[in-house]
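Please find the sequence and the predicted model below.
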Amino acid sequence: MSGADSGIPALTSAQRVAVVFRREFRSYFQTPLAAVFLVIFLFLAGLFTFNIGGFYERNQADLRPFFQFHPWLYVFLVPAVSMRLWAEERRTGTIELIMTLPFGAADLVIGKYLAAWAFTTVALALTFPVWITVSWLGNPDHGTIVVAYLASALLAGAFLAVGSCLSALTKNQVIAFVLCAVACFVLLLAGFPAVIDFLRGWAPGGVVEGLASTSALTHYESMMRGVVDLRDILYFVLVIAAFLAINVFAIDWKKSD
Amino acid sequence: MLTLRDIRKRFGATTAVDGLSLEVRAGEVFGLLGPNGAGKSTTIAITTGLLAPDAGAVDLLGLGSPADPRVRMHLGLAPQEITLYGELTARENLMFFARLYGIASPRARVDGLLAMVELDARANDRTATFSGGMKRRLNLAAALVHDPKLVLLDEPTAGVDPQSRNRILELVRALAAEGRTIVYTTHYMEEAAKICDRVGIVDHGRMLDIGTVPELIARHGGKSAVTVTRGEADERVLTDDPVGEVSRQFAGGGVTGVRVERPDLETVFLALTGRSLRE
């Protein structure tokens, strides 16, 4: 039996994802969330770059002070986007209706996730004046900056996948926010130099290296330097795919809660 | 149209549905009547595939279980909770579902539904600003977007104003007149008596009996009560023939007042369970 049997042409999975994406992406701009997120993100990105990062004092034409703080910004800002993805559907009860639609949860999960990622990418893209500034002041390596932007977008994507998955487990957005922030923090901390140095003192080298390789920070910093290593890209793609797969399972598991 | 066979569902130590079976015929309005916590909503959730039963089987249209997404194409659900996106307008809410279902001309379909539930004048207003009754009507419209053969309405009149309640009941009758099959859960016996072709009485997750309202009353309602007042004294008589009894009482003379209480679904429920529907 197909959708055609009921007189309605069946949509492809991609078409359904597109419908969900459009609705979800628009919804960011129908609430104050988009404006608040964009203002805070751009303000903090500027603050970290120019004040704390010493953008001018370094006398170097690069965007390292700009990109090096993104992981820590994302730990707090990405959960603000992801917390509502499923927790809101649970709270309002709309999950009950959308889970009785005649297709699986994967299309919904992917559509909502892509909308959230597109939204954070818009926020990231709005930082382009920083790139213009450094280009005006000197002669930066634009290739490195492009790769660093890609790394930042991938990192945000990975954190969003984690947040979307955790948001599916609760109807309380505050809990979803805290869970996501903690999970992203742990994902970063695994590769933080202080943690790695601490572990080197007593853990076998293989364990330390293995733990560091699971860290988002390790892969992010590698790309931030302008190195395009497929292993780094693959890491982010795998994190995103794994958490979205768990997300689909979690939605199916808790759909009637 | 819809068959549930020996459905069982437990949540921890609580048995929500306990061997419930029923068969809903094509084109009928079937009422699931029972008090809060009787297992009606769990039964609906199992019927929509939202919950998997611990035991038993559900079959829709002979196509199998609604756990299969393709089978779900034929059913529409208006859940007990209002399930709308508050930040979207009424039209945007319905358009979202119409597009997900792949309706060929979604705008025309949505406009038709908005007119049907008398929300066309508020089509472009955000649903967060709607009254409870308006949200209920829009919820019903959302269940009908894809023109389903079976419509499940879970307490569709809960917490609405009398005007919206009447409109919803009219809509249910209109949907039935179109040949749609409707499963209607409620704990309002007057509603069930008014719109349902057959009623199943549920309590503690069990189906106690199924039939038309007159059949149920005949089986479990007992006798009518005729209360005759003569002066200050009341006399209560139980009878199968209340009209004849009233005639006999008047023939005896001195009657200053008569009250006839016929058995209804409340009486039936009381007889079957030993407690009131509203308890």
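Thanks, I have it.

Need phi/psi at A:Leu189.
Here is the backbone geometry of A:Leu189 (degrees, to the nearest 10): phi -60, psi -30.

Near A:Arg91, how many other residues are there?
Counted with other Cβ atoms under 10 Å in any protein chain shown, residues neighbouring A:Arg91 total 14. Every C-beta, even on glycine, is put in place using the N, C-alpha and C of the backbone.

measure the nearest residue to it once chain neighbours are set aside to B:Pro66 for me?
What sits nearest to A:Arg91 in space, not counting adjacent residues and going by Cβ to Cβ, 6 or more residues apart in numbering or on different chains, is A:Lys171, at 4.5 Å. A:Lys171 is 24 Å from B:Pro66, where distance means Cβ to Cβ, to the nearest Å.

Those two - which one has more neighbours?
B:Pro66 (27 against 18).

Verify the stated contact: the more buried one with B:Val58.
Yes - using Cβ atoms under 8 Å, B:Pro66 is in contact with B:Val58, at 6.2 Å.

Need the residues touching each of the two.
B:Thr47 (Cβ atoms under 8 Å, 6 or more residues apart in numbering or on different chains).

which stretches of chain B form helices?
For chain B, the helices defined by DSSP state H occupy B:40-48, B:69-72, B:90-101, B:106-116, B:132-144, B:162-177, B:189-195, B:213-216, B:242-252, B:265-273.

Could you list every helix and strand in contact with the fifth one?
Under the contact definition 3 or more Cβ pairs under 8 Å, 6 or more residues apart in numbering or on different chains; DSSP states H and E, helix B:132-144 sits against strand B:75-78, helix B:90-101, helix B:106-116, strand B:150-154, helix B:162-177.

Contacts for the third one, please.
What that stands for is helix B:106-116. Defining contact as Cβ under 8 Å, 6+ apart, one finds that helix B:106-116 is touched by B:90-91, B:94-95, B:98-99, B:103, B:120, B:123, B:141, B:144-145, B:171, B:174.

per-residue confidence averaged over it?
The average pLDDT within helix B:106-116 is 93.

Restrict it to CA atoms and write it as PDB.
The C-alpha coordinates for helix B:106-116 follow below in PDB (Å, rounded to 0.1, in the frame of the first residue of the first chain):
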ATOM      1  CA  PRO B 106      -3.100  22.300   0.300                       C
ATOM      2  CA  ARG B 107      -4.400  25.900   0.300                       C
ATOM      3  CA  ALA B 108      -7.900  24.900  -1.000                       C
ATOM      4  CA  ARG B 109      -8.100  22.000   1.400                       C
ATOM      5  CA  VAL B 110      -7.000  24.100   4.400                       C
ATOM      6  CA  ASP B 111      -9.400  26.900   3.500                       C
ATOM      7  CA  GLY B 112     -12.300  24.400   3.200                       C
ATOM      8  CA  LEU B 113     -11.400  23.000   6.700                       C
ATOM      9  CA  LEU B 114     -11.200  26.400   8.200                       C
ATOM     10  CA  ALA B 115     -14.600  27.200   6.900                       C
ATOM     11  CA  MET B 116     -15.900  23.900   8.200                       C
END
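
I'd like to check the angle between that helix and helix B:90-101, please.
Counting by axes from the mean of the first three to the mean of the last three Cα atoms, to 10 degrees, helix B:106-116 lies at 130 degrees to helix B:90-101.

mind checking the SS state of the residue in the stretch 101-250 of chain A positioned nearest to chain B?
Per Cβ to the nearest Cβ, A:Pro102 is where the stretch 101-250 of chain A lies closest to chain B, at 4.0 Å. On the three-state scheme (DSSP: H, G, I helix; E, B strand; the rest coil), A:Pro102 is labelled coil.

residues in contact with the closest residue in space to B:Arg262 that isn't next to it in sequence?
In space, and not counting its chain neighbours, B:Arg262 is closest to B:Ser224: 4.9 Å by Cβ to Cβ, 6+ apart. By Cβ under 8 Å, 6+ apart, B:Ser224 lies in contact with B:Leu238, B:Thr239, B:Asp240, B:Pro242, B:Glu245, B:Val260, B:Glu261, B:Arg262, B:Pro263.

neighbours around B:Arg70, how many?
17.

Any chance of a PyMOL selection covering the buried ones in the contacts of B:Ser224?
In PyMOL, this line selects whichever of the contacts of B:Ser224 come out buried by 16 or more other Cβ atoms under 10 Å in any protein chain shown:
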select buried, chain B and resi 242+245+263
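
Compile the contacts of B:Ser224 into JSON lines and extend it with columns for pLDDT.
Compiled in JSON lines, the contacts of B:Ser224 are given as follows (pLDDT from 0 to 100):
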{"residue": "B:Leu238", "pLDDT": "85"}
{"residue": "B:Thr239", "pLDDT": "86"}
{"residue": "B:Asp240", "pLDDT": "83"}
{"residue": "B:Pro242", "pLDDT": "84"}
{"residue": "B:Glu245", "pLDDT": "84"}
{"residue": "B:Val260", "pLDDT": "88"}
{"residue": "B:Glu261", "pLDDT": "86"}
{"residue": "B:Arg262", "pLDDT": "85"}
{"residue": "B:Pro263", "pLDDT": "85"}
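
For chain A, state which of the contacts of B:Ser224 is nearest.
Nearest to chain A among the contacts of B:Ser224: B:Pro263, at 36.6 Å, using Cβ to the nearest Cβ.

what's the nearest residue to that closest one if we skip its chain neighbours?
B:Gly221 (2.9 Å).

Likewise for A:Ser164?
Counting by Cβ to Cβ, 6+ apart, A:Leu85 is the residue found nearest to A:Ser164 once chain neighbours are left out, at 4.8 Å.

That's all I had, so thanks and see you.
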